[in-house]
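Peer 1: give me the fold of what follows.
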Amino acid sequence: MKQLKTPLVVLSFKRYAEATGKNAVRLALICRDVSKETGISIVAVPQLLDICPVAEVGIPVFAQHIDVAPQAAAQGMCLQKLYAMQALSGR
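Peer 2: Below is the predicted model:
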């Protein structure tokens, strides 16, 4: 994981249409450019389905939510192990 430094901006994309799908990637590219221009660390916090494409932009990405639960015969959980399998542990 790239070392984050202060000042630090953590930008939650929430569930806005302007920050979903292709727009999430567009917003992440803006974050990357602003970070490079200013030297300020910017972390993107996109929706679950947008995490992988946003992470490919090359900026740090945090998950909006992680469930603390074991892998089991259940559904609807966002497990830390699954994020780590995608190399998204704070990338």
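Peer 1: C-alpha from now on. contacts and neighbour counts both.
Peer 2: Noted.
Peer 1: name the single longest helix found in the protein.
Peer 2: Longest helix of the chain, by residue count under DSSP state H: helix 22-38.
Peer 1: now it: buried residues?
Peer 2: Buried residues in helix 22-38, defined by neighbour count with 16 or more other C-alpha atoms under 10 Å: 24-29, 31-32, 35.
Peer 1: of those, closest to Val43?
Peer 2: For the buried residues of helix 22-38, the closest approach to Val43 (C-alpha to C-alpha) belongs to Cys31, at 8.1 Å.
Peer 1: nearest residue to the middle of this protein?
Peer 2: In the chain, the residue lying closest to the centroid (C-alpha atoms, centre = their mean) is Val61, at 2.9 Å.
Peer 1: how about it, phi and psi?
Peer 2: Backbone torsions for Val61, taken as degrees, to the nearest 10, come to phi -130, psi 130.
Peer 1: returning to what we had before: output the contacting helices and strands for the longest helix of the chain.
Peer 2: On a contact count with 3 or more C-alpha pairs under 8 Å, 6 or more residues apart in numbering; DSSP states H and E, helix 22-38 meets strand 41-45, helix 51-55.
Peer 1: single out the most deeply packed of these.
Peer 2: Mean neighbour count (mean count of other C-alpha atoms under 10 Å) peaks for strand 41-45 among the helices and strands packed on helix 22-38, with a mean of 23.
Peer 1: could you say what helices and strands that strand packs with?
Peer 2: strand 8-12, helix 22-38.
Peer 1: for Val43, give me its contacts.
Peer 2: 8-11, 59-62 (C-alpha atoms under 8 Å, 6 or more residues apart in numbering).
Peer 1: for the protein, name the helix or strand with the lowest mean pLDDT.
Peer 2: Ranked by mean pLDDT, DSSP states H and E, the weakest helix or strand in the chain is helix 80-85, scoring a mean of 67.
Peer 1: before we move on, the earlier item: contacts for the longest helix of the chain?
Peer 2: Under C-alpha under 8 Å, 6+ apart, the answer for helix 22-38 is 13, 17-19, 40-42, 44, 46, 50, 53-54, 57-59.
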